[in-house]
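**Student:** Sharing a model that was predicted from the sequence below.
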Amino acid sequence: MITVVFGLWERFLTAITRSIVAAPLEKQRDASRSHSHQPLIAA
């Protein structure tokens with residue numbers, strides 16, 4: 001029983017850490033996209 005709870009807790013923590021890590025990465029992606037589009041508009 002303890003191992004099942006530990007497994008669920010580990011999965012929960014990994015999901016939280018992924019969401020925390022993924023948010024800044026997505027922001028960087030959006031920033032790089034806007035930067036890549038700006039030169040095309042300027043040209």
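**Tutor:** That came in fine, so what should we check first? Predicted model, so just to flag it, every value in this text is computed and none were measured.
**Student:** pLDDT weak spots in this protein?
**Tutor:** The chain contains residues with pLDDT under 70 at 35-43.
**Student:** Spatially central, which residue of it would that be?
**Tutor:** Per CA atoms, centre = their mean, the C-alpha nearest to the average position across the chain is that of A22, at 0.8 Å.
**Student:** Could you check how far the helix or strand hosting A31 is from the centre of its chain?
**Tutor:** Using DSSP states H and E, A31 maps to helix 2-42. From the chain centre to the centre of helix 2-42 is a distance of 0 Å (CA atoms, centre = their mean, to the nearest Å).
**Student:** and it, what other elements does it pack with?
**Tutor:** Helices and strands in packing contact with helix 2-42 are not found; criterion 3 or more CB pairs under 8 Å, 6 or more residues apart in numbering; DSSP states H and E. Just so you know, the C-beta spots here come from the backbone N, C-alpha and C atoms, and that holds for glycine as well.
**Student:** Tabulate the CA atom coordinates of stretch 13-31 in PDB.
**Tutor:** As requested, the backbone C-alpha atoms of stretch 13-31 are provided in PDB (Å, rounded to 0.1, in the frame of the first residue of the first chain):
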ATOM      1  CA  LEU A  13       5.500  15.700  -8.200                       C
ATOM      2  CA  THR A  14       6.900  15.000 -11.700                       C
ATOM      3  CA  ALA A  15       3.700  16.500 -13.200                       C
ATOM      4  CA  ILE A  16       4.100  19.600 -11.100                       C
ATOM      5  CA  THR A  17       7.800  20.000 -11.900                       C
ATOM      6  CA  ARG A  18       7.100  19.500 -15.600                       C
ATOM      7  CA  SER A  19       4.400  22.200 -15.600                       C
ATOM      8  CA  ILE A  20       6.800  24.600 -13.800                       C
ATOM      9  CA  VAL A  21       9.700  23.900 -16.200                       C
ATOM     10  CA  ALA A  22       7.500  23.900 -19.300                       C
ATOM     11  CA  ALA A  23       5.900  27.300 -18.700                       C
ATOM     12  CA  PRO A  24       9.200  29.400 -19.100                       C
ATOM     13  CA  LEU A  25      10.200  27.200 -22.100                       C
ATOM     14  CA  GLU A  26       6.900  28.000 -23.800                       C
ATOM     15  CA  LYS A  27       7.400  31.700 -23.100                       C
ATOM     16  CA  GLN A  28      10.900  31.500 -24.700                       C
ATOM     17  CA  ARG A  29       9.400  29.700 -27.700                       C
ATOM     18  CA  ASP A  30       6.800  32.500 -28.100                       C
ATOM     19  CA  ALA A  31       9.500  35.100 -27.700                       C
END
